[in-house]
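Enquirer: kindly generate the corresponding structure for this input.
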Amino acid sequence: MGDAPGGGTGKRRTAAGRSGTTRADTGSASTDTGSASTDTAGLTAGLRVRDPRVPAPTPPPRPSAPARRHLLRTGAALAVGAASAPLLAGCAPSEADSVGADGRITVEMWHGQADTGRKAIQSLVDDFNRRQSRIRVDAGGGGVVADAMLQKVTAALAAGSYPDIALIFGADLARVARSPRVVDLTDTLRDTPYWPRFWGSVREAVTLNGKVRAAPAVLDTLCVVYNRKLFRQAGVPYPRPGWTWDDFIRTARLLTDPGRGTFGTGWPGTGDEDTVWRLWPLVWDLGGEVIAPDGHSIGFRDVGERALGTLARLAADKSVYVDPKPGSEQMHQVFIGGRMGMMATGPWELPDIVAGEVDYDVVAPPTYSGRPCTISGPDTWTVFDNGPARSRAAVEFLRWLGDPAQDVRWAVNGGSLPLSTASARRPEWRRYEGRTTGLPVFTTALSTARVRPVHPAYPQISQAVGEAIVAVLLGRRSPAEALRTCAEKADAALLIPR
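Expert: Predicted structure coming up:
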């Protein structure tokens, strides 16, 4: 099967939920799973589930990426909990305060990494610090992991003591960029030779109202990982590129076996961003958008019912395991335990799949049209103004970090995907891909992947869509009813002046 990214296991990632948000439709998900899933205790009996905190015995240590599963899905969620905190800032340091006694400018970086993810970024920082004598980057990390970074930065801005660089989830950028302390990077990044070679989704994720408000940091995309052994046991052909949602629904039904406790597929059922972002490729493929061109209403009113209807068909077939707990931990354990045939996920999951000795492969997601369509979750390095000298130094470091020579090191050692086509073509990445079953599928998907809009109302839209998805999966509302309620709430959020 080849190696997983990073070459081994690591502790299971956990996602932060929607801070301060209560879900009327999901509050009972842990006990009322409707017709779409089975009792958790009965399901997990006999699964080959290792303790996620304990590394598997055989694979070598794996670089710990930024918490990638929740980087992709919880950025906007944290904005809901922090929405009441003003993005204010005190006075920036003077030019003299920016230069140390040794004549070097110190740049403070909050990267949000842990374990070997921290080692990966620290190695790059050390390299940069050795290569020149004018700038010293202090990658202290900020004392928090990526999940808590938005809250930490929001408080720091309010207090007037904030870093020069911080990792900000892509879905949070619109909110953070409202602060006057966020540095405009339009001129300094667009003139780099590799800017045109960033994937389109990467450029879009850091651009707000035509201006580049951050530098790309981390990248992943969504594809379908499937258990080859379960396919063989059910006598079902392996999925192929260009398959449709009708194919997916039929395949999930054929893979489902209540007697064995196996499911065709799974879907998060808490209503958080991990529940929501999986739906957007269906909307886009049908010609819809998250937000209508006029910016005052949702852009999926005409196609949302069909997208939700696809989930309703899976639920009616009882072929989808609806994970009732935040973080999708149970869904992933069910797959790794050999009780789920297909799972939409990203490359961050491959190490645990390999450690679980799953006979797996990866295929592009199904579509309605037969044309490739998926979603990507880029995150950003956002620069904050601590005076001209430190801002210039921070930008210089990020320009160096984004160069393909450094980006490929960060992708390989940090567990991400390459930010640009130039990085993806480098021999280091090609060798790495060649050792990892399915990884080239994730990389190829970047060429057609799209991103969620950088818009301050997205957290409220996401919340409304999450409620609609859970209501449909649990059979509490029809797709039409769920969409109607969703549209009312999301449209109201878009009408609020910002």
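Enquirer: in this structure, what spans have low per-residue confidence?
Expert: 1-97 (pLDDT under 70).
Enquirer: mind listing the strands for it?
Expert: 105-110, 135-138, 165-169, 207-208, 211-212, 215-218, 223-227, 265-268, 320-323, 342-345, 360-363, 374-375, 379-383, 449-450 (DSSP state E).
Enquirer: how many neighbouring residues does Ile496 have?
Expert: For Ile496, the neighbour count with other Cβ atoms under 10 Å is 9. (Each C-beta comes from the backbone N, C-alpha and C, glycine too.)
Enquirer: these two touch, right, it and His455?
Expert: No: if you go by Cβ atoms under 8 Å, Ile496 and His455 don't touch, sitting 11.7 Å apart.
Enquirer: give the contact list for Ile135.
Expert: Neighbouring residues of Ile135 by Cβ atoms under 8 Å, 6 or more residues apart in numbering: 104-107, 128-129, 393, 396-397.
Enquirer: find residues that contact each of Ile496 and His455.
Expert: Shared contacts of Ile496 and His455 (Cβ under 8 Å, 6+ apart): none.
Enquirer: touching, Lys489 and Val465? I think so.
Expert: No: with contact defined as Cβ under 8 Å, Lys489 does not reach Val465; the gap is 9.2 Å.
Enquirer: neighbour count for the two, which is higher?
Expert: Shown here are Lys489 and Val465; by other Cβ under 10 Å, Val465 has more neighbours (30 against 16).
Enquirer: apart from its neighbours in sequence, what residue is nearest the more buried one?
Expert: Val276 (4.9 Å; Cβ to Cβ, 6 or more residues apart in numbering).
Enquirer: buried ones among the contacts of Ile135?
Expert: When the contacts of Ile135 are checked for burial by 16 or more other Cβ atoms under 10 Å, the buried set is 104-107, 128-129, 393, 396-397.
Enquirer: looking at the residues you listed, spot the one nearest Arg306.
Expert: Minimum distance to Arg306 across those is 46.4 Å, recorded for Phe397 (Cβ to Cβ).
Enquirer: next up, the contacts around that closest one.
Expert: 107, 109, 128, 135, 137, 165.
Enquirer: how far away is the residue nearest to it when sequence neighbours are not counted from Gly402?
Expert: With sequence-adjacent residues excluded and distances taken as Cβ to Cβ, 6+ apart, Phe397 is closest to Val137, at 5.4 Å. Here the criterion is Cβ to Cβ, to the nearest Å. By it, Val137 lies 14 Å from Gly402.
Enquirer: of these two, which one has the most company?
Expert: Taking other Cβ under 10 Å, Val137 and Gly402 do not tie; Val137 has more neighbours (26 against 23).
Enquirer: verify the contact between that one and Gln122 for me.
Expert: No: at 9.7 Å, Val137 does not count as touching Gln122 under the criterion of Cβ under 8 Å.
Enquirer: which residues are common contacts for those two?
Expert: In contact with both Val137 and Gln122: no residue, using Cβ under 8 Å, 6+ apart.
Enquirer: OK, contacts around the nearest residue to Trp429 once chain neighbours are set aside?
Expert: Excluding the flanking residues, the one nearest Trp429 by Cβ to Cβ, 6+ apart is Val408, at 5.1 Å. Residues in contact with Val408 (Cβ under 8 Å, 6+ apart) are 418, 423, 426, 428-429.
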